[in-house]
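A.B. asks: Predicted model, plus sequence, below.
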Amino acid sequence: MTPLLEVRGLHVEVEGKPILKGVDLAIQKGEVHALMGPNGSGKSTLSNTLMGHPKYRVTQGTLLYEGRDITGLSADERARAGIFLAFQYPTAIPGLSVTNFLRTVLKSIRGADVPVKDFRKELKDKMELLEMKGSFAGRYVNDGFSGGEKKRLEILQMALIRPRCAILDETDSGLDIDALKVVSEGINRLRSPGIGMLLITHYQRLLNYVQPDFVHVLVEGRVEHSGGKELALELESKGYDWIEEKAR
Amino acid sequence: MKSATPERLEPLKTDDYKFGFSDPEHYVFKSRKGLDREIVAEISWMKKEPEWMRDFRLKAFDIFNSKPMPNWGDTELMGQIDFQNMYYYLKPTEKIEADWSNVPDDIKRTFDKIGIPEAEQKFLAGVTAQYDSEAVYHSLRKELEAQGIVFMDMDSGLREHPDVVKKYFSTVIPPEDNKFAALNSAVWSGGSFVYIPKGVKVATPLQAYFRINSKNTGQFERTLIIADEGSSVHYIEGCTAPTYSSDSLHSAVVELIALPGSHLRYTTIQNWSNNVFNLVTKRAMAHRDSIVEWLDGNLGSKLTMKFPAVYLVGEGARGEILSCAMAGKGQHQDAGAKLVFAAPNTSGTIISKSVSKNGGRSSYRGLVKVYPNAANVKVNVRCDALLLDEESRSDTYPTMEINEESATVSHEATVSKVGEEQLFYLMSRGLKESDAVALIVNGFFEAFVKELPMEYAVELNRLIGMEMEGSVG
């Protein structure tokens, strides 16, 4: 079966500096993969590269999405093809309200206007599930948001966009335990046979709530170890050192 | 004032200047090209004006001739203006049409394209639409008339309310003020005349559309708005001009008089085609406890020089100026604001927002002046500039003349660039680069846009979306 997302021998440079040095990864529809690794191992580089950030240059290897080479596609083309990235550090857009933003986004993704009434209802329902106040919709995108609010907005976008391939970059960072639970529930609700997910995380704690099918460990720009969900627990107790040693 | 934010941005599909169409010319009267005393007198004669106005025009013409071109601002662009290569007066139809059905079809088509009939349906207030130099269509709701509100084109104002016009005309901006005010005073035609009687609060905005349609037509409208004691009114003017190969001059004079306790808001969104010189003098007199607000949006034109001013001459008066400008390739938006405090316990705010792209240039030029003995003045100035690329330019020229110790003055200025991370964030949500930039720019202008009535907010956001098409990527 053709994987939903396949990364083959990926080498990536940022501003001339090689970060990823041959990453291989394949995600099938319906699977949740966790990518763990120490700081500086290249996790965020991978997520930005998958989404098509212009600063991240692919020097070798290919990105295949639903069997199609997407290496040359821009971020917006990838998004319209069904790829979504929940950002580790979402950017503020002062003056742009959450409502206007989401409606514009949905129009771009779905290729047609969403009737105002339907949109309002959909937004309200999804916001309630994420325990977000109605007033949130009138605020400016990520402008003055707390860490938890930013992450909720990312998950809200994911819930509305309903991507086929979701990459969540450190979605658990900066969340207190209550927010973590709400956000995790939001992620779990979106799990379905039709979507593949890549959870990028430094810590194991998100994986207590969102159980991955596979766990990979990224060390110095390469996937050095892969396993089932028990690998996350092993990393939690033993740290990354043993894999880093193995890599050497 | 009810205001709203549009639900969404709708970028349009064309790169072309949207309103760059033009109708065949059917003018009843067109003066010959150029300017001299004879043409000035002829304009007055054609309009059957009283003698004092003819004399006023001729005197203003002499002042215009005696004044040199400004030696500040964008003197290079101003030097391109050829005063002798323009028409100074056009009269498109013989008389002002009382109802829409009598308006000539091609004129209607032009209005159709810029959406006047919809506006007419949507808005409950009267509409005065200016087609070149005279109003061709003028409707006024009976309720407005019943309240004694006068809302008509300036020529009719002079005919029907000569005493009021004579009392206030050019009292705020005399011809001596500057060369372009002198030119306007000599050849003015059209514009709005508004009088709001004592204590009358006008619930819905009064609106006028202005439009230049003919090649090398100077448009010199003259607007005078008087808000009598305790009244309130919101006047809105939107401008679009078609694209022409040779340059047009727009030089308006707008005088606002806010009598004690009144509230006067004036909103303009101007979208001139890229060959228009837009050199406008706008000033308000704010008397005791009155509030004057200028909302001034500037898109398009080759060179805009416009600094709406409020002179706070009565105790307790307040002036607010909110302006936004967008400068594209080959354009210079030299915009700003002036607050002059000449009475105690007066206050004011200036907020200026400018965007420069494709090598465009925007300048903020502002004056805050506090006279001695104008005690306890409070003033805030904030100007923000957004640059979309490395070639574009933004300058700030703030002047502060504070001659009173008790004044509280704050000034803040920022210059920022559209960030790579902002763009990536929006594009990762499926937005094309130009749409992403338009959203960022719309957000930047939000402080301005949220003050507009819904229809205008939507229109402005569309214009911004159009400006972004083809300007990035």
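C.D. replies: The structure has been received and is ready for your questions.
A.B. asks: Name the nearest residue to B:V310, ignoring sequence neighbours.
C.D. replies: Nearest residue to B:V310, sequence neighbours excluded (Cβ to Cβ, 6 or more residues apart in numbering or on different chains): B:G319, at 3.1 Å. From N, CA and C alone the C-beta is placed, and that goes for glycine too.
A.B. asks: Tell me the secondary structure of the one you found, please.
C.D. replies: Counting by DSSP: H, G, I helix; E, B strand; the rest coil, the backbone at B:G319 sits in strand.
A.B. asks: could you list every residue that touches it?
C.D. replies: Applying Cβ atoms under 8 Å, 6 or more residues apart in numbering or on different chains to B:G319 gives the contacts B:284, B:286, B:291-293, B:310, B:312, B:339, B:346-349.
A.B. asks: hey, what's it bridged with?
C.D. replies: B:V292, B:G348 (DSSP bridges).
A.B. asks: picking up where we left off before, wait, which of the contacts of B:G319 is closest to B:R57?
C.D. replies: Using Cβ to Cβ, B:A284 comes nearest to B:R57 of those, at 23.6 Å.
A.B. asks: and the helix or strand hosting that closest one, how far out from the chain's middle?
C.D. replies: If you go by DSSP states H and E, B:A284 is part of strand B:276-286. With Cα atoms, centre = their mean, to the nearest Å as the basis, strand B:276-286 stands 7 Å off its chain's centre.
A.B. asks: Enumerate residues external to stretch A:182-198 that contact any of its residues.
C.D. replies: Here stretch A:182-198 has contacts from A:4-5, A:25, A:27-35, A:47, A:50, A:129-131, A:151-152, A:155-156, A:158-159, A:162-168, A:171-172, A:175, A:199, A:206, A:209-210, using Cβ under 8 Å, 6+ apart.
A.B. asks: So for the strand holding B:A284, mean pLDDT?
C.D. replies: Averaging pLDDT along strand B:276-286 gives 95.
A.B. asks: what pairs with that strand, and is each one parallel or antiparallel?
C.D. replies: For strand B:276-286, pairing defined by DSSP bridges yields strand B:248-250 (parallel), strand B:253-258 (parallel), strand B:303-306 (parallel), strand B:309-312 (parallel).
A.B. asks: what's the burial count for whichever residue of chain A sits closest to chain B?
C.D. replies: Nearest to chain B, among the residues of chain A, is A:G95, at 3.0 Å (Cβ to the nearest Cβ). Other residues lying near A:G95 total 23 when counted by other Cβ atoms under 10 Å in any protein chain shown.
A.B. asks: That one is in contact with B:G443, isn't it?
C.D. replies: Yes: between A:G95 and B:G443 there is a contact at 3.0 Å, judged by Cβ atoms under 8 Å.
A.B. asks: quick one: low-confidence parts of chain A?
C.D. replies: A:248 (pLDDT under 70).
A.B. asks: Closest one to A:L106 out of the contacts of B:G319, please.
C.D. replies: Nearest to A:L106 among those is B:E293, at 35.6 Å by Cβ to Cβ.
A.B. asks: Contacts only, for the closest one.
C.D. replies: B:E293 neighbours (Cβ under 8 Å, 6+ apart): B:264-266, B:319-322.
A.B. asks: Identify the bridge partners of whatever residue of the stretch 151-300 of chain B ends up closest to chain A.
C.D. replies: Per Cβ to the nearest Cβ, B:G297 is where the stretch 151-300 of chain B lies closest to chain A, at 14.9 Å. With DSSP bridges applied, B:G297 shows beta-bridge pairing to B:I269, B:C324.
A.B. asks: Contact residues of chain A facing chain B?
C.D. replies: A:51-55, A:74-76, A:78-80, A:84-85, A:87, A:90-91, A:93-97, A:99-101, A:103-105, A:107-109, A:116, A:140-141, A:157, A:161 (Cβ under 8 Å from any Cβ of the partner chain).
A.B. asks: mind listing the strands in chain A by residue range?
C.D. replies: Using DSSP state E, the strands of chain A run over residues A:5-14, A:17-27, A:32-36, A:56-65, A:68-69, A:83-86, A:165-169, A:196-201, A:214-219, A:222-227.
A.B. asks: what's the closest of these to B:H234?
C.D. replies: Each of the strands of chain A was scored for nearness to B:H234 using Cβ to Cβ, and the closest is strand A:83-86 (43.8 Å).
A.B. asks: surely A:A86 meets A:L156?
C.D. replies: No: contact criterion Cβ under 8 Å: A:A86 and A:L156 do not qualify, at 10.1 Å.
A.B. asks: who's more crowded, these two?
C.D. replies: Counted by other Cβ under 10 Å, A:A86 and A:L156 do not tie: A:A86 has more neighbours, with 26 against 21.
A.B. asks: For that one, list the residues it contacts.
C.D. replies: A:151, A:154-155, A:157-158, A:166-169, A:171.
A.B. asks: domains of chain B?
C.D. replies: B:1-19+B:427-473, B:29-426 (automatic domain parsing).
A.B. asks: rank those domains by pLDDT, which is bottom?
C.D. replies: When I compare the domains of chain B, domain B:1-19+B:427-473 is least confident, with a mean of 69.
A.B. asks: Give me the spatial nearest neighbour of the most centrally placed residue in chain B, chain neighbours excluded.
C.D. replies: Residue closest to the mean C-alpha point of chain B, counted by Cα atoms, centre = their mean, is B:T268 at 4.6 Å. Leaving out its chain neighbours, the residue that sits closest to B:T268 by Cβ to Cβ, 6+ apart is B:E237, at 4.9 Å.
A.B. asks: Check for me that the one you found belongs to a helix.
C.D. replies: No: according to three-state DSSP, B:E237 belongs to no helix; its state is strand.
A.B. asks: so how far is B:L206 from it?
C.D. replies: 9 Å (Cβ to Cβ, to the nearest Å).
A.B. asks: which residues are in contact with both of those two?
C.D. replies: Contacts common to B:E237 and B:L206, judged by Cβ under 8 Å, 6+ apart, are B:S192.
A.B. asks: Who's the closest spatial neighbour of A:P3, skipping the chain neighbours?
C.D. replies: In space, and not counting its chain neighbours, A:P3 is closest to A:A26: 4.2 Å by Cβ to Cβ, 6+ apart.
A.B. asks: For the chain, which segments count as helices?
C.D. replies: In the absence of a named chain, chain A is used. Using DSSP state H, the helices of chain A run over A:43-51, A:75-81, A:98-110, A:116-129, A:147-161, A:177-190, A:205-209, A:230-238, A:241-247.
A.B. asks: ah, I was thinking of chain B
C.D. replies: B:37-46, B:51-66, B:75-78, B:105-113, B:116-122, B:142-146, B:154-160, B:162-168, B:179-187, B:420-427, B:433-444, B:446-449, B:454-468.
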